[in-house]
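Participant: Fold the stuff below for me.
(chains A and B)
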Amino acid sequence: MKLWKVPLAFAVLAAASCGGKDSGGGEGTDPAAAENTVVSVAPDRNTLYRNPFNGWVIYSGLGDGLSDNFWQEYDNMDSSIGKVKVSDYANALLIRSYWSQAEPEEGLYFWDEACQTKPARRFRMLREGARERGLKLIFQLRADSRDLHENACPAYVRTKGAKGFESTTGLTKVWTPYPDDPVFQKCYEKFLRAFAKEFNNPDELDWMGSWGIGKWGEYHTCIYSTGDMTPREPVFDYFTDLFLEIFDKIPVCINFHKSLGTGSGDAVDPDSQRIVQRGINKGLCLTSGAFGMHAYYGSWEKGFIHTQRYKVPIHAEGGWVRGSHSLSAINNDGYADWAAVRRGEFDDARDACANTMDFRYNSNIGVSETWSWFNEAFDLVEEAIRTQFYRLYPDRVNIPEKVSAGGMVEIKHRWINLGWAYCPTNIKPWKDRFKVAFGLLDPSTGAPVHCFFDEAAKPCDWHRGEPVSYTSKFSLDGVKPGQYEWGVAILDCSKTPNVPGIHIATTRSKTADGWVKLLPVTIE
Amino acid sequence: MKVIDAMKKIIIILSAIVAAAAISGCQRHEIDNTRSKSNLVMQITPSATSVVLDEKHPDAVALTVTWTPAHDYGDDYIMTYEYSMDVTTSKSTPVKEYEDDGVFTRSYTHGELQHMLTDYFGVSTRKRCLLRFTVSCTYGGPRVVIPDMSSVIVSVKTYGARQFAADNVFIGGSAVGSGPIEVTPKSSGIYVYQGNLGAGNLNIPVEYEGEHNIIIPEEAASTPIDGKAQPATVADSTATAGWTIPAADNYRVTINFNTRTVTVIPTSEIFEVDRIFLAGSAAPKDSLEVVPTLEEPSVYAFYDDLKAGELYMTVEYEKATNFAIVPEEGHDIADGAAVAFSQAPVKQVPGNKYWTVPADGKYRIVINTTARTIAICSPATDLPNKTVSYNNTVDKINPYTQEVKDLLWMWGGFNAAEKDPDQAKAGFQAKYTLKQSLANPYVFVYYGDPLPRKSGNYNSKNQETGATSGPAWLTFLVSNIENNVYAYGSTASAKRNNYTGTVEPALGETSTIVGGQGDNRYAYFVIPVDCNYVEVNIDAMTVVFDKR
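Facilitator: Numbering: from 1, shown residues only, chains lettered A, B, ... in the order given. A predicted model of the protein is given here:
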């Protein structure tokens, strides 16, 4: 922060740049470029970088199943290399919450200090713990009560006259509103708008998971008031538009399910792909809760996801649950043991080029998916950090050591993504947010004095195994002669002033803010 | 631009078709697309191809490997160098690292290599191994490019404690005479010398990984031989300790690298046998064999007809027949007595080394290969079978007298009363019988698969447990006509139709049996778990259930 209190002659000199993808190898005849120095930037292949919509996600909930010592247990997790702190391997904390936990009384929300229910206290414990550990939040909301032992929908909604249906979980009868019921929609929208007012903040919320509709909140096995599928698409459009409107700064995901919005849980519906695609076109990102399950994450899901790679970010949530599913169940799915299940999830995530993967929770830690990952597949936990999640760096930067004041500068730079996932800077909420910039840094403080953007260099274009080169030209008009240091960063332009927003994965020296130092330069 | 590109492509394709047609008209060309997309130029080079690590200079550089860069395909391609080391014979995964800084060389000190080879790759101390260095360069870019790779193997010898191991083995010392004699391996890790030694000192010089060591007694002092496997150790070649050979004789020296022992024994004290055959005019047919008994494999027995005449006994060991069992003196069979025997090379046997069988008849021969005794029993001295008397309710003969011979039947609930198809009564199965021993007619033995321990109803309540059924119970019957015959039961208290009893012996425990056709039939034994051996002695009146 100190850096930005200094009044900056911070002329953002954008685009005298003729940046754009090179054809590669054919350049080199420009005399200006001949005086440049090639700086090789070594990658950092191992460090976990807390970049948005990227990395392992720790799962939690707000029910009685959540341990009061959640953070203590997760800070001392057994693993095949001894005790580890799970948050050292993760980027975000996902909280699964029912609507009734989030709003136990009309207008009283779990983030309010006045709300003293157990779920609310748990939420604040999780929120505080995540903040202390540098984890962003993710929510999976749920308004459907099926398979729960309590109502997911607050009681006041039914009192107000919402129509719904009952189901039985064990000996407990629970009630679920019809998703097309106008009273339900009005109440839920009011709650969601309050929720978004609190959380539509990319500094705290990484992305939004499921919305609460359908069984398990995964938007399948839906029951409408009409008894048929007539409301299916209107309901979809209503919630899609609502979520995208209220979460305009946060990526919102939808479960890409082959029975999306239908009454089925597993049949292939001919309209699902079209409807999901409509949501994507509006700005939705993707998630699935069945990675690794051959029956539920099969040819339809793989075929669909292959069409979405590098277009939208994808969250990969495994489907097999160690604490619930038997060994014979996974054997029947072709897995010899739980280590093989983890490998299956990993392989599916890699196939989908997924951005995020899950550490799911169980109060009996020893049977949780988190424990399983750390004890039965720890190598894959590390491998995902190294090569699955996006990891960006410019391996070669061709840059001048000496420039005349007011002259033109030409910089050639080549970018590499070491991860299978792409960096989704193309999605709607991130439009114009993250940009590649070269800076003239104050050699003594590392603070950027002048900043030059290359608008052509888009991180979403950088895919594993496909280096992308650019040539950028900038005018040094207004830059005072003197000694500087070249730096490079991917800036978050939603901040004022701009700060590095996506960490560059290199072992090279960086400023405190995250600018990668390249080369001293003299402006004559 | 797109139009121009498309036109260019069409022109190129057409040219290619024309050229291909012209070429195919006059000659045949092999097309290798794979080669055309590769450019393999990388070369890794070590500073030495063979290194002996130096314990005295652990911090000095022992080895440097350097490699040349791979071909650079330009800005459209990213090059990723991966460097790895592995030992060709190790199960440990290779040590791998990326080279991202353009430093195409690695150096290792003696200490670093020693630590890596012994602690990570599991190479023994003072052992030579093949350490492989590999560097690969993979490419990412718009088209597939074959990765470049180069590999080199360096022979490295570790330091540390001497290994009890050898590439070449000798016997030496004053007992050997003029100089060391090389010993050949008989099997993996076992070297055997057999020949003459003089009185004096014996040691075992060995060559291992180019070193000259010597195997000596574990106490590192002169040690008398005792004919058994004696612990040994390895020392440098200046050691003077050894085994003391008391007198000149023909010896066998066995060096066992698996058990780290040395055995020195006069060959005259060795008796090794796999099979024993009878021959000579006393043997009425070829291939009459004296076979190991079920109850004691080192005791061989024969019970069959012989003729009056000369009896030879040849010994087969490891498929070779080099020796024969012969009388210590004379030809007398010492009828019924266990007497010592000698052995003699087969080629001497046709001379006068035989026993004389005095008359035709059924003879029992028992050879104890451990005690090195032989007993030859004519019908006059052989033990007669026992006879028992009971009420045969099937044939309605009372009293009925029967010799106890050939076999005993196990009968009870242990097999859930299953029976063979040819059996008249429930519970009788040929596989659950005890065979009469060839060496002793009073011993009956079962040795086979673990006995079942199924549950079956008792005749009446078990006196101790009150249960009306139980697992694994049985008695031994002299006949299979039905279960109401002469039986050998346990010492448990039992009363017919009133209560039953059970004795539960442990594996290997000797228990008393009770014979008769009374309440003893309801005094059962309970077969211990994992039992696959049962031995009943109807003279000593004992039974042993065991696992062998």
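Participant: Only C-alpha atoms from now on, for both contacts and neighbour counts.
Facilitator: Will do.
Participant: Leaving out the residues flanking it, which one is nearest to B:Lys186?
Facilitator: For B:Lys186, ignoring the flanking residues on the chain, the nearest one in space by Cα to Cα, 6 or more residues apart in numbering or on different chains is B:Val192 at 6.2 Å.
Participant: How about the secondary structure of that neighbour?
Facilitator: With DSSP: H, G, I helix; E, B strand; the rest coil as the basis, B:Val192 sits in strand.
Participant: same thing with B:Glu403?
Facilitator: Recorded secondary structure, B:Glu403: strand (three-state DSSP).
Participant: from memory A:Asp477 sits against A:Ser404, does it?
Facilitator: No. In this structure, A:Asp477 is not within contact of A:Ser404 by Cα atoms under 8 Å, at 10.0 Å.
Participant: Before we move on, what's the pLDDT of A:Pro443?
Facilitator: The score at A:Pro443 is 95. That number is its pLDDT.
Participant: Please read off the pLDDT at the residue nearest to B:Lys186 from the model.
Facilitator: In this model, B:Val192 carries a pLDDT of 95.
Participant: Over to A:Asp266?
Facilitator: With respect to pLDDT, A:Asp266 scores 81.
Participant: Next: B:Asn322.
Facilitator: Reported pLDDT for B:Asn322: 82.
Participant: Poorly predicted segments of chain A, please.
Facilitator: For chain A, residues meeting the criterion pLDDT under 70 lie at A:1-34.
Participant: show me what contacts B:Ser469?
Facilitator: Contact analysis of B:Ser469 by Cα atoms under 8 Å, 6 or more residues apart in numbering or on different chains lists B:455-458, B:461-462.
Participant: about what we covered before: what's the burial count for the residue nearest to B:Lys186?
Facilitator: Neighbourhood size, B:Val192 [other Cα atoms under 10 Å in any protein chain shown]: 18.
Participant: do the same with A:Asn332
Facilitator: Counted with other Cα under 10 Å, the neighbours of A:Asn332 add up to 10.
Participant: That one and chain B: what is the separation?
Facilitator: The span separating A:Asn332 from chain B equals 31 Å under the rule Cα to the nearest Cα, to the nearest Å.
Participant: Leaving out chain neighbours, which residue sits closest to residue 410?
Facilitator: This is for chain A. Closest residue in space to A:Glu410, ignoring its immediate chain neighbours: A:Lys473 at 4.4 Å, by Cα to Cα, 6+ apart.
Participant: my bad, the chain I had in mind was chain B
Facilitator: Closest residue to B:Met410 in three dimensions, ignoring its sequence neighbours and counting by Cα to Cα, 6+ apart: B:Phe476, at 4.8 Å.
Participant: Quick check: the gap between the one you found and B:Gly427.
Facilitator: 12 Å (Cα to Cα, to the nearest Å).
Participant: Same drill for these two, tell me which one is more crowded.
Facilitator: Taking neighbours as other Cα under 10 Å, B:Phe476 and B:Gly427 compare with B:Phe476 leading, 26 against 22.
Participant: now whichever residue of the stretch 301-450 of chain A sits closest to chain B, what's its secondary structure?
Facilitator: At 7.4 Å from chain B, A:Arg414 is the closest residue in the stretch 301-450 of chain A, using Cα to the nearest Cα. A:Arg414 falls in the strand class when you classify it by three-state DSSP.
Participant: what about it, neighbour count?
Facilitator: 24.
Participant: Pretty sure it sits against A:Ser469.
Facilitator: Yes. Checked against Cα under 8 Å, the pair A:Arg414 and A:Ser469 is within contact range at 4.1 Å.
Participant: Run through who's touching the lengthiest strand in chain B.
Facilitator: Using DSSP state E to assign secondary structure, the strand with the most residues in chain B is strand B:128-140. In this structure, residues lying in contact with strand B:128-140 by Cα under 8 Å, 6+ apart are A:464-467, B:44, B:65, B:67, B:70, B:77-89, B:123, B:145-158, B:209.
Participant: That strand: how far from the chain's middle?
Facilitator: Using Cα atoms, centre = their mean, to the nearest Å, the mean C-alpha position of strand B:128-140 is found 39 Å from that of the whole chain.
Participant: Partner strands of it and their direction?
Facilitator: For strand B:128-140, the paired strands and their directions (DSSP bridges) are strand B:78-87 (antiparallel), strand B:148-157 (antiparallel).
Participant: Make a markdown table out of the ones you listed and add mean neighbour count and mean pLDDT.
Facilitator: Shown next, in a markdown table, are the strands paired with strand B:128-140 (neighbours: other Cα atoms under 10 Å in any protein chain shown; pLDDT from 0 to 100):
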| stretch | mean neighbour count | mean pLDDT |
| --- | --- | --- |
| strand B:78-87 | 20 | 95 |
| strand B:148-157 | 20 | 96 |
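Participant: looking at those strands, which is closest to B:Tyr303?
Facilitator: Nearest to B:Tyr303 among these is strand B:78-87 (60.6 Å), distances taken as Cα to Cα.
Participant: burial of A:Phe359, as a residue count?
Facilitator: 24.
Participant: Identify those among the contacts of B:Ser469 that sit within strands.
Facilitator: Assigned to strands by DSSP E, the following of the contacts of B:Ser469 qualify: B:455-457.
Participant: and those near chain A, which?
Facilitator: Residues of the ones in strands among the contacts of B:Ser469 in contact with chain A (Cα under 8 Å from any Cα of the partner chain): none.
Participant: Please convert the residues you listed to CSV, extending it with pLDDT and neighbour count.
Facilitator: As requested, those are exported to CSV (pLDDT from 0 to 100; neighbours: other Cα atoms under 10 Å in any protein chain shown):
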residue, pLDDT, neighbour count
B:Ser455, 90, 17
B:Gly456, 91, 19
B:Asn457, 91, 17
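Participant: Just name the closest of these to chain A, please.
Facilitator: Within these, distances to chain A taken as Cα to the nearest Cα reach their minimum at B:Ser455, with 31.3 Å.
Participant: show me the contacts for the closest residue to that closest one other than its chain neighbours.
Facilitator: Nearest residue to B:Ser455 in three dimensions, chain neighbours excluded: B:Pro471, at 3.8 Å (Cα to Cα, 6+ apart). Residues counted as contacts of B:Pro471 (Cα under 8 Å, 6+ apart) are B:413-414, B:453-456, B:526.
Participant: now swap in A:Tyr178 and tell me
Facilitator: Contacts here follow Cα under 8 Å, 6+ apart; on that basis A:Tyr178 touches A:163-165, A:184, A:223-225.
Participant: Same question for B:Tyr81.
Facilitator: Listed by Cα under 8 Å, 6+ apart, the contact partners of B:Tyr81 are B:98-100, B:135-138.
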